[in-house]
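In: here is a sequence together with a model predicted from it:
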Amino acid sequence: MDSSTEPEPQSAIEIPPLSMAAPRQWSTGLCGCCKDCSSCCLTCWCPFITFGQIAEIVDKGTVSCAMHGTIYCLLRYVTGCECIYSFMYRSKLRQQYMLPEQPCNDCLVHCCCECCALCQEYRELKYRGFKPSLGWEGNPASQNEQVVLPVMPPTGPGKMER
């Protein structure tokens, strides 16, 4: 049989893996703090609260807001290097929503503009349908599945009396 008569295999359409797909854009810029003044004020005076709320949502409720906030607060007041902890959550958030590393890498963003970075991340979660102040469990956006309520056994007419 001649090799020139064999049909050539059809080339399959290649779909790039999810990590190779083009990154989406942030919903607001790094310096867009005026778009949500309440979270901006909260972050300026109590960044550990904002960070705790962001981290709880990003971690999908595995660790509480209070725990994240406490660790952040200890790092801030004992070492002054809270940005080492907080930039990791920016990276996780970016990976979850395929966001670009803008305007520079995550560590530099948090080291140079900690409050602006936290505000941007908070706004991004709100844009994605979360209310960070409610925590993971309180957010309807975190519940992608239908809620199944426990079934209560039927109750009888009460006590039997003569």
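Out: The structure has been received and is ready for your questions. Numbers count the residues shown, from 1 in each chain.
In: the helices in this protein, which residues?
Out: 37-45, 47-58, 65-74, 82-97, 106-112, 114-127 (DSSP state H).
In: just the ones you listed: most buried one?
Out: Using mean count of other Cβ atoms under 10 Å, the stretch among the helices of the chain with the largest mean neighbour count is helix 47-58, at a mean of 25. Just so you know, the C-beta spots here come from the backbone N, C-alpha and C atoms, and that holds for glycine as well.
In: packing partners of that helix?
Out: helix 37-45, helix 65-74, helix 82-97, helix 114-127 (3 or more Cβ pairs under 8 Å, 6 or more residues apart in numbering; DSSP states H and E).
In: try it again with 6 Å
Out: Using 3 or more Cβ pairs under 6 Å, 6 or more residues apart in numbering; DSSP states H and E as the contact criterion, the neighbours of helix 47-58 among helices and strands are helix 65-74, helix 82-97, helix 114-127.
In: now do the shortest one, average pLDDT.
Out: To tie it back to what came earlier, the one meant is helix 65-74. Mean pLDDT, taken over the full extent of helix 65-74, equals 94.
In: the helices and strands packed on helix 47-58 into TSV, with extra columns for distance to L134?
Out: What follows is the helices and strands packed on helix 47-58, written out as TSV (distance: least, Cβ to Cβ, whole Å):
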stretch	distance to L134
helix 65-74	10
helix 82-97	17
helix 114-127	11
